[in-house]
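*Asks:* Following is a predicted model, sequence given first.
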Amino acid sequence: MKIQDYTFQINEFSIHHLDDLLPEDSLLFDIETTGFKADYQTIYLIGIGFRKKSTITIRLLYARTKEEEIEILEEFEQTCFNYNRLISFNGDMFDLPFITKRCKKLGISCSFLNLSSLDLFKVAKKYKSYLNLEHYKQKDLENYFGIFREDQYNGGHLIELYKKQTLMPDASEEELLFLHNMEDVKGMIYLLQLMDFSIIKNHNYSLTSFEFHRDEIHLTLLLPAPSNLCLKVMRENAFIYLKNDTLTVTLSCFVGKLKYFYPDYKNYVYVADENLLLPKSLASTIAKDRIQKATKQQCFIEKEGVFLRDTMNLDERHFKAEYEDKTSYVEINPTTLSENFLVAYVRSLL
């Protein structure tokens with residue numbers, strides 16, 4: 001077995017609150033295999049990454065021969081005793097099942113299965129509405145964050161190179177194997193920035209400015225700490241731009257007349273010749289031949305004002321242009337909107 005270490009200082013990554021994103025009890029890991037069938041194909045390289053204070057170490061455990069696979073698996077198993085969480089990219093679907101099967105086949109315990117798991121692929125898929133990528137491979141996500149590799153190979157390309165290495169070792173070709181695995185682990189450090197999506201969606205903001213102009217509301221809100229994301233979010237009635245710790249928001253309002261449709265329409269009647277809607281209790285003095293049951297479409301009151309699309313499912317009166325419309329609105333008074341309402345409304349759009 002050969003062990004190769006690469007060390008980096010935390011400030012080399014230029015990532016806000018990286019010490020929180022990568023706590024010292026978390027272990028990054030990635031494996032390289034000779035194929036996809038753990039029953040008879042092997043792991044030849046395990047890359048692990050960990051932080052201690054301001055230093056991040058990426059350590060590669062390399063099996064120079066098939067027989068050394070057991071050594072790198074035992075080393076990985078022993079290392080995991082010092083950590084509480086594993087961080088991977090698609091590790092829940094591939095790396096962990098593969099490494100578990102190889103350990104069981106070789107009689108090595110799998111205590112690492114007791115650790116919690118953070119799969120960054122799952123995180124990316126959870127927030128795909130923001131990322132809007134065609135593919136969600138690790139390199140695609142790294143490119144999203146402006147990270148471009150020196151390594152130009154994929155795991156499949158390197159299998160034949162490794163098989164050649166086991167027969168005729170070559171230092172320069174070995175370095176190609178190491179570079180790919182090291183950059184897989186290093187890339188996951190950058191992908192930890194994906195966790196900031198949860199901060200954006202769940203943290204409280206403070207409102208720093210608010211202006212109503214014609215049919216638009218312009219807001220500026222601050223996050224409690226800088227985010228690693230530079231993000232543009234388009235919604236039907238809103239544009240949101242995030243950079244560092246600042247959200248700049250434009251909300252489009254509807255100004256004009258909308259209808260509130262009464263939910264208890266069966267308690268109303270309609271007087272057609274007067275185009276009049278009345279509660280049944282007030283219709284006793286009107287001739288019956290002039291009265292008809294009110295329909296859902298007829299049972300409304302029209303209101304002129306300023307309205308916002310209802311994205312919060314508020315327990316308030318909902319206004320529509322017509323009964324069949326799926327889009328509903330809530331009436332607002334732009335001059336008396338509270339900070340709590342505006343912050344909650346922006347959060348509902350994220």
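*Replies:* Right, received. Where do you want to start? Since we're looking at a predicted model, the values are computed, not measured.
*Asks:* Check what pLDDT the residue sitting furthest away from the middle of the chain gets.
*Replies:* When each C-alpha in the chain is compared with the mean C-alpha position (C-alpha atoms, centre = their mean), residue 287 comes out farthest, at 62.3 Å. As summarised for this prediction, residue 287 has a pLDDT of 82.
*Asks:* Output the contacting helices and strands for the helix or strand hosting residue 345.
*Replies:* For residue 345, the host element (DSSP states H and E) is helix 339-349. Contact partners of helix 339-349 among helices and strands, from 3 or more C-beta pairs under 8 Å, 6 or more residues apart in numbering; DSSP states H and E: strand 206-213, strand 216-222, strand 238-243, strand 246-252. In this view, the C-beta of every residue, glycine as well, is placed from N, C-alpha and C.
*Asks:* check contacts around residue 235.
*Replies:* 311, 349 (C-beta atoms under 8 Å, 6 or more residues apart in numbering).
*Asks:* and the gap between it and residue 73?
*Replies:* Taken as C-beta to C-beta, to the nearest Å, the spacing of residue 235 relative to residue 73 amounts to 49 Å.
*Asks:* Tell me the secondary structure of residue 325, please.
*Replies:* For residue 325, the secondary structure call by DSSP: H, G, I helix; E, B strand; the rest coil comes out as coil.
*Asks:* what does residue 61 give?
*Replies:* Secondary structure state of residue 61, per three-state DSSP, is strand.
*Asks:* tally of neighbours for it?
*Replies:* 26 (other C-beta atoms under 10 Å).
*Asks:* Ok, the one 5 residues further on next?
*Replies:* Counted with other C-beta under 10 Å, the neighbours of residue 66 add up to 13.
*Asks:* how about the residue lying closest to it once chain neighbours are set aside, what does it touch?
*Replies:* If the residues on either side of it in the chain are set aside, residue 66 comes closest to residue 42, at 5.6 Å by C-beta to C-beta, 6 or more residues apart in numbering. Residue 42 is in contact with 33, 34, 63, 66, 69, 102, counting by C-beta under 8 Å, 6+ apart.
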